[in-house]
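Undergrad: this one's sequence-less:
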């Protein structure tokens, strides 16, 4: 992981030097590398998205509106941001009505990546919120394709894992520690009546889980299978549960996008282990598919579209 990030950081600093030669004021600590990537200051974070060099004002506004400023992740301004990378790729494809070029793309196993979904700029969103899982903080999908058959897209880049449950990580200093902290097992703890502290506060994950995965919600687990696989399961539920509360293994699937250079998604890595674990536990394994950024970007090259985008993705990320 150390060498992987060091190589990326060197590429980022070279990109900063060539692409923002007169714009060092756009960055925090402009000349200080010390093992960190370049980070845009907050007001200039939008520059982390790759923009067509000849884009007019309307095209630029459309691209940046794909993820409104209020929906940006905390570290959106870092060149390591998977969200900025996702907006650069999918946002530009949507802005230039080119998403349909991905229709014949296959996943790592040779299965059609988007299955029977109809993909276009009209039914694609980023940071799409789900409001039927009883969450205090709603699941926000990195990418979402709506319709009779739905797709949730989970985008990773340099992350060392896919996303874990926050309740085992609660610190004793927070106000909800006594009521919601979990020891990492699916079992009744503290003064709770439910095995999951999220279930206790009305979150419906474990209500729906048995419909889509081979997990029981009335038996103890040690460790809790949701803990290390939290983000993938939320995505599965987002497309497997309909707004009317009915569950179906045939209503959609999840796509995990990753950097094939990232050790977390290579053999033995936490990201790949989480993917394998969930796919093997799904009642319908095709509900989860994966594809690398490299495969997607090579596909765009082969379609001979948005050459300025693929050239900049190579310069900035080595993709």
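TA: Sure thing, it's come through. Everything numeric here is computed off the predicted structure, so don't read it as measured data. Residues are numbered from 1 along each chain as shown.

Undergrad: Please count neighbours and contacts with C-alpha atoms only from this point.
TA: Will do.

Undergrad: Tell me how far stretch 153-160 lies from the chain's centre.
TA: 5 Å (C-alpha atoms, centre = their mean, to the nearest Å).

Undergrad: can you point me to the longest helix in this protein?
TA: In the chain, taking DSSP state H as the definition, the longest helix is helix 2-19.

Undergrad: quick one: strands adjacent to the next helix-or-strand element following that one?
TA: Sequence order places strand 27-28 as the next helix or strand after helix 2-19, per DSSP states H and E. Partners of strand 27-28 in the sheet, by DSSP bridges, are strand 39-40 (antiparallel).

Undergrad: Quick one: residues in contact with the helix or strand hosting residue 151.
TA: Secondary structure from DSSP H and E places residue 151 in strand 150-155. Contacts with strand 150-155, where a contact means C-alpha atoms under 8 Å, 6 or more residues apart in numbering, come from 82-83, 86, 114, 117, 141-145, 232, 235-236, 238-239, 251-258.

Undergrad: Quick one: name whatever helix or strand follows it.
TA: Of the helices and strands lying after strand 150-155 in sequence (DSSP H and E), the nearest is helix 177-180.

Undergrad: chain center to that next one: distance?
TA: On C-alpha atoms, centre = their mean, the centre of helix 177-180 falls 28 Å from the chain's centre.

Undergrad: buried sites along that helix?
TA: For helix 177-180, the neighbour count (16 or more other C-alpha atoms under 10 Å) marks residue 180 as buried.

Undergrad: same deal with stretch 180-197?
TA: The neighbour-count check on stretch 180-197 (16+ other C-alpha under 10 Å) flags 180-182, 184-187, 189, 194-197 as buried.

Undergrad: between those, which is closest to residue 222?
TA: Proximity of the buried residues of stretch 180-197 to residue 222 (C-alpha to C-alpha) peaks at residue 185, which lies at 4.8 Å.

Undergrad: how close does residue 243 sit to residue 130?
TA: Residue 243 sits 9 Å away from residue 130, going by C-alpha to C-alpha, to the nearest Å.

Undergrad: between the two, which one's more packed in?
TA: More crowded of residue 243 and residue 130, by other C-alpha atoms under 10 Å: residue 130, with 19 against 13.

Undergrad: the helices in the stretch 51-200 of the chain, which residues?
TA: 57-65, 82-86, 92-95, 177-180, 197-200 (DSSP state H, counting those that start in this stretch).

Undergrad: Mind putting those into JSON lines with mean pLDDT and distance to residue 314?
TA: Converted to JSON lines, the helices of the stretch 51-200 of the chain look like this (pLDDT from 0 to 100; distance: least, C-alpha to C-alpha, whole Å):
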{"stretch": "helix 57-65", "mean pLDDT": "98", "distance to residue 314": "20"}
{"stretch": "helix 82-86", "mean pLDDT": "98", "distance to residue 314": "12"}
{"stretch": "helix 92-95", "mean pLDDT": "98", "distance to residue 314": "16"}
{"stretch": "helix 177-180", "mean pLDDT": "94", "distance to residue 314": "44"}
{"stretch": "helix 197-200", "mean pLDDT": "96", "distance to residue 314": "42"}
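
Undergrad: Single out the most deeply packed of the ones you listed.
TA: Using mean count of other C-alpha atoms under 10 Å, the stretch among the helices of the stretch 51-200 of the chain with the largest mean neighbour count is helix 82-86, at a mean of 24.

Undergrad: who's in contact with that one?
TA: By C-alpha under 8 Å, 6+ apart, the surrounding residues in contact with helix 82-86 are 48-49, 72-73, 76-77, 142, 155-158.

Undergrad: Selecting buried members of those residues in PyMOL, what would you type?
TA: Per 16+ other C-alpha under 10 Å, the buried members of these correspond to this PyMOL selection:
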select buried, resi 48+49+76+77+142+155+156+157+158
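
Undergrad: now the contacts of helix 82-86 as a markdown table including pLDDT and distance to residue 126?
TA: A markdown table is the format used below for the contacts of helix 82-86 (pLDDT from 0 to 100; distance: C-alpha to C-alpha, whole Å):
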| residue | pLDDT | distance to residue 126 |
| --- | --- | --- |
| 48 | 98 | 16 |
| 49 | 98 | 14 |
| 72 | 97 | 11 |
| 73 | 96 | 12 |
| 76 | 98 | 14 |
| 77 | 98 | 17 |
| 142 | 98 | 5 |
| 155 | 98 | 11 |
| 156 | 98 | 14 |
| 157 | 98 | 16 |
| 158 | 98 | 19 |
